[in-house]
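Engineer: turn this into a structure:
(chains A, B, C and D)
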Protein chains: 4
Amino acid sequence: MRKIGIIGMGHVGATIAYTLVTQGLVDDLILIDKNDAKADAEYNDLRDALPRNSHYVNIIKQDWDDLEDVDIIVTAFGDIAATVKTRDRFGEFDLNAKNAKQVGEDIKESGFDGVLINVSNPCDAVTQILQETTDLKKNRVFGTGTFLDTARMQRIVGDKLGQDPRNVEGFVLGEHGSAQFTAWSTVRVNNKIALQLFNEADQEKISEQSNKNAFAVANGKGYTSYAVAMCAVDLIKAVFSDARAYYPVSTYDPEFKTYLGYPAIIGRDGVEELIELKLTSAEHEKLNAAAQKIKEHVDSLKKK
Amino acid sequence: MRKIGIIGMGHVGATIAYTLVTQGLVDDLILIDKNDAKADAEYNDLRDALPRNSHYVNIIKQDWDDLEDVDIIVTAFGDIAATVKTRDRFGEFDLNAKNAKQVGEDIKESGFDGVLINVSNPCDAVTQILQETTDLKKNRVFGTGTFLDTARMQRIVGDKLGQDPRNVEGFVLGEHGSAQFTAWSTVRVNNKIALQLFNEADQEKISEQSNKNAFAVANGKGYTSYAVAMCAVDLIKAVFSDARAYYPVSTYDPEFKTYLGYPAIIGRDGVEELIELKLTSAEHEKLNAAAQKIKEHVDSLKKK
Amino acid sequence: MRKIGIIGMGHVGATIAYTLVTQGLVDDLILIDKNDAKADAEYNDLRDALPRNSHYVNIIKQDWDDLEDVDIIVTAFGDIAATVKTRDRFGEFDLNAKNAKQVGEDIKESGFDGVLINVSNPCDAVTQILQETTDLKKNRVFGTGTFLDTARMQRIVGDKLGQDPRNVEGFVLGEHGSAQFTAWSTVRVNNKIALQLFNEADQEKISEQSNKNAFAVANGKGYTSYAVAMCAVDLIKAVFSDARAYYPVSTYDPEFKTYLGYPAIIGRDGVEELIELKLTSAEHEKLNAAAQKIKEHVDSLKKK
Amino acid sequence: MRKIGIIGMGHVGATIAYTLVTQGLVDDLILIDKNDAKADAEYNDLRDALPRNSHYVNIIKQDWDDLEDVDIIVTAFGDIAATVKTRDRFGEFDLNAKNAKQVGEDIKESGFDGVLINVSNPCDAVTQILQETTDLKKNRVFGTGTFLDTARMQRIVGDKLGQDPRNVEGFVLGEHGSAQFTAWSTVRVNNKIALQLFNEADQEKISEQSNKNAFAVANGKGYTSYAVAMCAVDLIKAVFSDARAYYPVSTYDPEFKTYLGYPAIIGRDGVEELIELKLTSAEHEKLNAAAQKIKEHVDSLKKK
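Structural biologist: Numbers count the residues shown, from 1 in each chain, chains lettered A, B, ... in the order given. Below you'll find the model as predicted:
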């Protein structure tokens, strides 16, 4: 059976739980939050939904010990208010670095030995801290990273052409944050190279908008939840079925010795493989800049 | 194709939208909120999710004119804070009575001639106001009402017996509010009459808990969203497919001359039929009490 | 992850596989048939569907050893032609008794220790043989039995009333075969006792039609597949999620010391519990008659 | 609401119906077959499944008049035996050209004015005959064509690399038949041009295998059903939601003045747009050869 633990019952964690329950993607689902009342509320709301759901799900709350044999842990802790206020996901860094260390240690203590998918921000740095503190193998720990930014880019490009965003291929890379960039050399729409569809100014605008959309959403509703939940759910599905699907995630990159947003093959063992992209030198430079930014933040912690 | 409008992008309206989108239950989906930024945020978050969804959906925002030819309108406006504060859904009455009149008139003006499903609280009274102001036929307007309370009762009974809540049949009737009651004469579990499974004290406790669960959830997360969204979605499905399914909803009851929570056959024309239940006289009295409470509130408006 | 083996790639086995794949209900799926070309064809057709499916699934073929650690085995072998020809599922008995012994031994040899759900006909007798030859605990082995006949009864009653068949509660019991009967004392529609909705002649007609529908379908298309596959899939879902749902299945009944169609609580351990029904004495007699018929057939084998 | 008619209740038509019903993609579904008993059997088997389905569907049979206001007609008539025997889909041509004319006239007479999706073989030629006899606009009539062959190519390439077939982009073009070819210039895996992944011999082998897989499946089970049904369902979804998705279908190509397999943007109006591909001259030649083959067959009819 499929067993998942979600740590952090904010809007993102709860939406992931709701999606897993309504789509019948999980058998045992453990909900954890440092705020008992919050965990309780989501637990009760989801369980009140079961009589109307076409799948039964065992929903369990606040049981850290039970994480020992879950297949997948999703971490979705944090406080987006700090991100929205500073318009930078590193606004949550101090808080979430601390959270990540504590959560990572607690996960380690539980004996968990599965795949950890991190959604907490700043995603790349937090994913790295979680890998280090849980002591899980690097491939077993990855984040949603620029998967969400990629979806936003696909959607913006689709809008511009009046088409299904699923017609758009390609990636946003680097940091799930301000150092992200659309790797236009990877983008294709309807088998056409996107570089030929958009001039440089348009490319720049789309790339910026993919990043800004997060704040447009967060300003209006106080957080973002639906798109990021769908990204997490696709990653969960790929792990369970050993899909070896090709998705841009926050993954450890041996070249840069840090986690960053880069496409990877996702299967039952987490990140199964990184595929070399033929990036332009300008894109590679941006990737390097993102890597340096993430590293600096992670390193700054170690000096404290 | 299936076309739905949702008025009110609070947590409930947005969760209904998300569920419809992720389950492929709608083709054209119009999102409306008096707060432009809120409508915008949900619109963008949902559209950012489309690249990862297995269904495309046309999502439209803030277009009242486009309601003319939608099949179903869901109303989910209001401010749950007032309900949570007073621990009574009539805490939202003044606000939502005003909302309902405005929304009802705007719907009427749009030329809408489909089925209206109301989720706004106090559900029964607001449904009645919406019926009166939209001037739609009574059967075309109904509310989620005690469908949600029924789910909660099923879940609590299921918990007590350690079983799937879908094993539990029967209804919570009356008001989607404090005048609600579990009609124990209708409840059966595993083909056994529930009256024989629980003594009177237990019956009373379960009945109260079904009502209180709403506040337990709302206290912990500030609102309730998942279970009620599932109820609304089941009603939407029944209307589209003309299922003639048997669900407890907030329906106009000719006996009491008011909307109240009672089981009805739901099909393409909304409420197709009310089925006579053989309630005990105590239950009938409680139903009457709920009806009087709802009527008094609705009538109080007319005197203003 | 969820791992399932299906033995028998006839129309029923293949339709179950297709349903599991398209609904994302399985991660590893093993397809087995004594006819290599058949297994190969279904394997290839399903795998050709994966690029268009919203779930990846590991599909494996003809690997008996891999059954060792599957969670659920579905047995769907047989040759419906013999059933259609004789208009009695015992037309397949000689063939399937032999199949069941062989398959049961092969399953035992694989080291399988999960839950076995049998669809092969005559369902009750074959389920018993499979339990005996696999040596699995009795609760771990059950069949779709009269779950399908119950669906047919619900649908016929729904048709008569112009309503959603899911409004109809109650059971067909006894044998998934000619000794089946609608236990009218258990049937309710819209909270009304069905005995009051239909006179005795109608009851008799509906009961017969629920049995005959199988042959109406099989005569027209050569087999039946969709409804029975849906029954099997619901049982699979209940086992994975430990739903403790209440379904009529072919279960071992200690009172009659045989497998027969009777409602049971289905969970992760298979049949978790039998619930006592208050059948009328006429119904109990029919249940007994069905039990004797099934026993005689199973016993006749032992004398050979 | 969504209304669909399926003409032809062979394995393909019935599997499409089953998929639409189980996934809740249709509200009114009309099943038509020249063989009453076959239509009846599928109708009954599907309706017997409704009590266990999470969606109700109005299923109707043999009602040509009711096609007047359906949104989409799927044509799936024919006799695959002739195709399997001759190992060429033109083995069904004489039969299906006759069927197509009759069906086309009957559709025209019904007053149908929606989108027609043809699955019958030889797909390109039959689609053209249906367009001509129904007198529907060319964009409103298209076929599954090489969408299925494309899925097969994706799956074979995915297999070779041990990856999710959805990682593979690109198209099989030309004829849904022996004149089909993998347009390698369009194929990419993990952002890599497939031409660099496979040498010419491998390319040739994969291209052939994509074509041969159909017969491998058909030889083993007597027909193919699952993969092609999934293709048809994706096209149906794109039409309902006006997705403007980019899929390879059998579409009228003004350059060649015939239907053939080529990628198109699919929306509510059927084929919304053809996108120019930068094919190599060898590929363009193959496309031309396929077009000529299809045209010759269609023209040969007119001389009769």
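
Engineer: and the helix or strand of chain A with the lowest mean pLDDT, what's buried?
Structural biologist: Scoring the helices and strands of chain A by mean pLDDT, DSSP states H and E places helix A:80-86 at the bottom, with a mean of 80. Neighbour-count burial for helix A:80-86 flags A:80, A:82-84 (criterion: 16 or more other C-beta atoms under 10 Å in any protein chain shown). For glycine as for every other residue, the C-beta is placed from the backbone atoms N, C-alpha and C.

Engineer: tell me what it is packed against?
Structural biologist: With contacts defined as 3 or more C-beta pairs under 8 Å, 6 or more residues apart in numbering or on different chains; DSSP states H and E, helix A:80-86 has these neighbours: helix A:200-221.

Engineer: so does the helix it packs on get close to chain B?
Structural biologist: Yes. For helix A:200-221, a contact with chain B is found by C-beta under 8 Å from any C-beta of the partner chain, at A:213, A:216-221.

Engineer: which of those are buried? Put it as a ChimeraX command.
Structural biologist: Here is the ChimeraX selection string for the buried members of those, based on 16+ other C-beta under 10 Å:
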select /A:213,216,217,218,220,221
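
Engineer: of the residues of helix A:200-221 next to chain B, which is the nearest to D:Asn199?
Structural biologist: Minimum distance to D:Asn199 across these is 42.7 Å, recorded for A:Asn213 (C-beta to C-beta).

Engineer: could you dump the buried residues of helix A:80-86 to JSON lines with distance to A:Asn99?
Structural biologist: Below are those laid out as JSON lines (distance: C-beta to C-beta, whole Å):
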{"residue": "A:Ile80", "distance to A:Asn99": "13"}
{"residue": "A:Ala82", "distance to A:Asn99": "12"}
{"residue": "A:Thr83", "distance to A:Asn99": "13"}
{"residue": "A:Val84", "distance to A:Asn99": "17"}
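
Engineer: of all these, which comes closest to D:Asp40?
Structural biologist: Nearest to D:Asp40, judged by C-beta to C-beta, of those is A:Ile80 at 57.4 Å.

Engineer: show the contacting residues for the nearest residue to that closest one once chain neighbours are set aside.
Structural biologist: Of all residues not flanking A:Ile80 in the chain, A:Tyr223 sits nearest, at 4.8 Å (C-beta to C-beta, 6 or more residues apart in numbering or on different chains). Taking C-beta atoms under 8 Å, 6 or more residues apart in numbering or on different chains, we find A:Tyr223 in contact with A:10-12, A:80, A:84.

Engineer: one more: A:Ala282?
Structural biologist: A:Ala282 makes contact with no residue, according to C-beta under 8 Å, 6+ apart.

Engineer: so the residue nearest to A:Ile80 sits in a strand?
Structural biologist: No. Read with DSSP: H, G, I helix; E, B strand; the rest coil, A:Tyr223 is coil and lies in no strand.

Engineer: phi, psi for it please.
Structural biologist: Torsion angles at A:Tyr223 (phi, psi; degrees, to the nearest 10) stand at phi -170, psi 170.

Engineer: A:Lys278 now?
Structural biologist: The phi/psi pair for A:Lys278 (degrees, to the nearest 10) reads phi -90, psi 70.

Engineer: count of neighbours near the residue lying closest to it once chain neighbours are set aside?
Structural biologist: Spatial nearest neighbour of A:Lys278, excluding adjacent residues (C-beta to C-beta, 6+ apart): A:Ser185 at 7.0 Å. Number of residues near A:Ser185 (other C-beta atoms under 10 Å in any protein chain shown) recorded here: 18.

Engineer: can I take it that A:Ser185 is in a helix?
Structural biologist: Yes. Residue state for A:Ser185 (three-state DSSP) corresponds to a helix.

Engineer: can stretch A:118-129 be said to contact chain B?
Structural biologist: No. Residues of stretch A:118-129 are not located near chain B by C-beta under 8 Å from any C-beta, the shortest gap being 13.8 Å.

Engineer: tell me the mean pLDDT for that stretch?
Structural biologist: For stretch A:118-129, mean pLDDT rounds to 97.

Engineer: what residues does the stretch 201-304 of chain A have near chain B?
Structural biologist: Contact residues (C-beta under 8 Å from any C-beta) of the stretch 201-304 of chain A with chain B: A:213, A:216-221, A:224-227, A:229-231, A:233-234.

Engineer: greatest separation within those: which pair is it?
Structural biologist: Top of the distance list for those (C-beta to C-beta): A:Asn219 and A:Asp234, 26.0 Å.

Engineer: which neighbouring elements make contact with the helix or strand harbouring A:Gln102?
Structural biologist: Mapping A:Gln102 onto the secondary structure by DSSP states H and E places it in helix A:93-110. The criterion is 3+ C-beta pairs under 8 Å, 6+ apart, and the helices and strands that helix A:93-110 contacts are strand A:72-75, helix A:123-134.

Engineer: of these, which is nearest A:Phe198?
Structural biologist: Checking these against A:Phe198 by C-beta to C-beta gives helix A:123-134 as the closest, at 26.8 Å.

Engineer: next helix or strand past the closest one?
Structural biologist: Using DSSP H and E, the helix or strand that directly follows helix A:123-134 along the chain is strand A:141-143.

Engineer: check whether whichever helix or strand comes after that following strand contacts chain C.
Structural biologist: Sequence order places helix A:147-161 as the next helix or strand after strand A:141-143, per DSSP H and E. No. Counting by C-beta under 8 Å from any C-beta, chain C has no neighbours in helix A:147-161; the shortest distance is 15.4 Å.

Engineer: anything in helix A:147-161 near chain B?
Structural biologist: Yes. Counting by C-beta under 8 Å from any C-beta, chain B is contacted by helix A:147-161 at A:148, A:150-152, A:154-155, A:158-159.

Engineer: return the closest of those residues with respect to D:Gln102.
Structural biologist: The nearest member of these to D:Gln102, counting by C-beta to C-beta, is A:Gly158 at 40.9 Å.

Engineer: could I get the pLDDT score of the nearest residue to that closest one once chain neighbours are set aside?
Structural biologist: Of all residues not flanking A:Gly158 in the chain, A:Pro165 sits nearest, at 3.5 Å (C-beta to C-beta, 6+ apart). The model reports A:Pro165 with a pLDDT of 98.

Engineer: wait, A:Pro165 touches B:Asn53, no?
Structural biologist: No. A:Pro165 lies out of contact with B:Asn53 (C-beta atoms under 8 Å); the separation is 9.2 Å.

Engineer: more crowded one of these two?
Structural biologist: Taking neighbours as other C-beta under 10 Å, A:Pro165 and B:Asn53 compare with A:Pro165 leading, 27 against 22.
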